[in-house]
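Participant: coords please:
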Amino acid sequence: MDTCASTAQLYNLLQKGRFFVRLILMCKCELLDIGAFQFALVQPYTAGIVGGSHRIDRDLRLTHVKAVPRADSIIIPLKLFIQGALLFPDPAHQGEFLVVNHVDSDMFLV
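Facilitator: Numbering: from 1, shown residues only. This next block holds a predicted model:
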(Lines give C-alpha, C1' and ligand atoms only; values in the text may rest on other atoms or scores of the structure.)
Protein backbone atom coordinates (compact mmCIF):
# COMPACT_ATOMS: atom_id res chain seq x y z
CA MET A 1 0.00 0.00 0.00
CA ASP A 2 1.23 3.48 -0.85
CA THR A 3 1.70 5.26 2.47
CA CYS A 4 2.79 8.60 1.06
CA ALA A 5 0.47 11.55 0.84
CA SER A 6 -0.20 12.65 -2.72
CA THR A 7 -1.55 15.75 -4.34
CA ALA A 8 -4.72 16.22 -6.31
CA GLN A 9 -6.56 19.01 -8.05
CA LEU A 10 -10.13 20.05 -7.53
CA TYR A 11 -11.65 20.18 -10.98
CA ASN A 12 -14.95 21.63 -12.13
CA LEU A 13 -16.76 19.87 -14.96
CA LEU A 14 -20.14 21.37 -15.71
CA GLN A 15 -21.89 18.07 -16.39
CA LYS A 16 -20.44 16.18 -13.41
CA GLY A 17 -19.87 18.94 -10.87
CA ARG A 18 -16.67 19.24 -8.85
CA PHE A 19 -14.36 16.32 -8.16
CA PHE A 20 -10.72 15.60 -7.39
CA VAL A 21 -8.17 14.34 -9.93
CA ARG A 22 -4.53 13.24 -9.86
CA LEU A 23 -2.37 15.09 -12.35
CA ILE A 24 -0.47 12.72 -14.66
CA LEU A 25 0.71 14.96 -17.52
CA MET A 26 0.28 18.54 -18.74
CA CYS A 27 0.69 19.69 -22.33
CA LYS A 28 0.23 22.76 -24.48
CA CYS A 29 -1.11 22.59 -28.00
CA GLU A 30 -0.58 25.56 -30.32
CA LEU A 31 -2.66 25.83 -33.49
CA LEU A 32 -1.78 28.41 -36.10
CA ASP A 33 -4.39 31.15 -36.54
CA ILE A 34 -6.36 29.81 -33.53
CA GLY A 35 -4.15 30.02 -30.47
CA ALA A 36 -2.77 27.87 -27.67
CA PHE A 37 -4.65 25.35 -25.57
CA GLN A 38 -3.44 23.77 -22.34
CA PHE A 39 -4.61 20.30 -21.36
CA ALA A 40 -3.93 17.79 -18.61
CA LEU A 41 -4.14 14.02 -18.50
CA VAL A 42 -5.68 13.20 -15.12
CA GLN A 43 -6.88 10.24 -13.09
CA PRO A 44 -10.27 11.08 -11.53
CA TYR A 45 -10.98 10.33 -7.87
CA THR A 46 -14.61 9.48 -8.58
CA ALA A 47 -14.72 5.74 -7.88
CA GLY A 48 -17.48 4.69 -5.56
CA ILE A 49 -16.49 3.81 -2.02
CA VAL A 50 -17.83 0.42 -0.97
CA GLY A 51 -20.60 0.93 1.58
CA GLY A 52 -20.81 4.66 0.85
CA SER A 53 -19.12 7.23 3.02
CA HIS A 54 -18.00 6.08 6.44
CA ARG A 55 -19.97 7.33 9.45
CA ILE A 56 -16.94 8.77 11.23
CA ASP A 57 -16.05 10.72 8.07
CA ARG A 58 -19.55 12.21 7.93
CA ASP A 59 -19.44 13.03 11.66
CA LEU A 60 -16.07 14.77 11.31
CA ARG A 61 -17.01 16.28 7.92
CA LEU A 62 -14.09 14.63 6.16
CA THR A 63 -13.98 14.16 2.40
CA HIS A 64 -13.14 10.58 1.43
CA VAL A 65 -12.09 9.85 -2.19
CA LYS A 66 -10.99 6.86 -4.27
CA ALA A 67 -9.34 6.85 -7.71
CA VAL A 68 -10.74 5.13 -10.76
CA PRO A 69 -8.35 2.73 -12.55
CA ARG A 70 -5.45 4.50 -14.29
CA ALA A 71 -6.74 3.20 -17.64
CA ASP A 72 -9.85 5.39 -17.15
CA SER A 73 -7.80 8.60 -17.12
CA ILE A 74 -9.25 11.58 -19.01
CA ILE A 75 -7.98 14.73 -20.73
CA ILE A 76 -9.31 18.04 -19.42
CA PRO A 77 -8.55 21.74 -20.04
CA LEU A 78 -6.21 23.24 -17.42
CA LYS A 79 -8.38 26.35 -17.10
CA LEU A 80 -11.03 24.27 -15.30
CA PHE A 81 -8.75 23.47 -12.34
CA ILE A 82 -9.93 25.21 -9.18
CA GLN A 83 -7.22 24.51 -6.58
CA GLY A 84 -4.67 21.98 -5.38
CA ALA A 85 -5.26 19.62 -2.47
CA LEU A 86 -3.35 17.18 -0.30
CA LEU A 87 -4.58 13.59 -0.12
CA PHE A 88 -3.60 11.30 2.74
CA PRO A 89 -4.04 7.51 2.46
CA ASP A 90 -6.71 6.10 4.76
CA PRO A 91 -4.85 3.40 6.73
CA ALA A 92 -8.11 1.53 7.40
CA HIS A 93 -9.25 1.38 3.76
CA GLN A 94 -6.73 0.48 1.03
CA GLY A 95 -6.90 2.68 -2.06
CA GLU A 96 -8.98 5.37 -0.35
CA PHE A 97 -7.77 8.83 0.60
CA LEU A 98 -8.79 11.64 2.94
CA VAL A 99 -8.67 15.19 1.60
CA VAL A 100 -6.65 17.53 3.83
CA ASN A 101 -8.37 20.91 3.56
CA HIS A 102 -6.07 22.89 5.83
CA VAL A 103 -2.35 22.76 5.15
CA ASP A 104 -0.06 25.11 7.06
CA SER A 105 3.29 25.98 5.51
CA ASP A 106 5.24 24.91 8.61
CA MET A 107 3.30 21.75 9.48
CA PHE A 108 5.95 19.54 7.85
CA LEU A 109 8.88 20.94 9.85
CA VAL A 110 10.45 18.53 12.28
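Participant: any idea how far residue 21 lies from residue 83?
Facilitator: Going from residue 21 to residue 83 by CB to CB, to the nearest Å gives 12 Å. C-betas here are computed from N, CA, C, even on glycine.
Participant: ok, these two, which is more surrounded?
Facilitator: More crowded of residue 21 and residue 83, by other CB atoms under 10 Å: residue 21, with 25 against 8.
Participant: excluding sequence neighbours, find me the nearest residue to the more buried one.
Facilitator: In space, and not counting its chain neighbours, residue 21 is closest to residue 42: 3.8 Å by CB to CB, 6 or more residues apart in numbering.
Participant: doesn't residue 56 fall inside a strand?
Facilitator: No - assessed with DSSP: H, G, I helix; E, B strand; the rest coil, residue 56 is helix; it does not lie in a strand.
Participant: tell me which element whatever residue is furthest in space from the centre of the chain falls in.
Facilitator: Farthest-out residue of the chain from its mean C-alpha position, per CA atoms, centre = their mean: residue 33, at 33.9 Å. Under the criterion DSSP states H and E, no helix or strand holds residue 33.
Participant: many thanks, have a good one.
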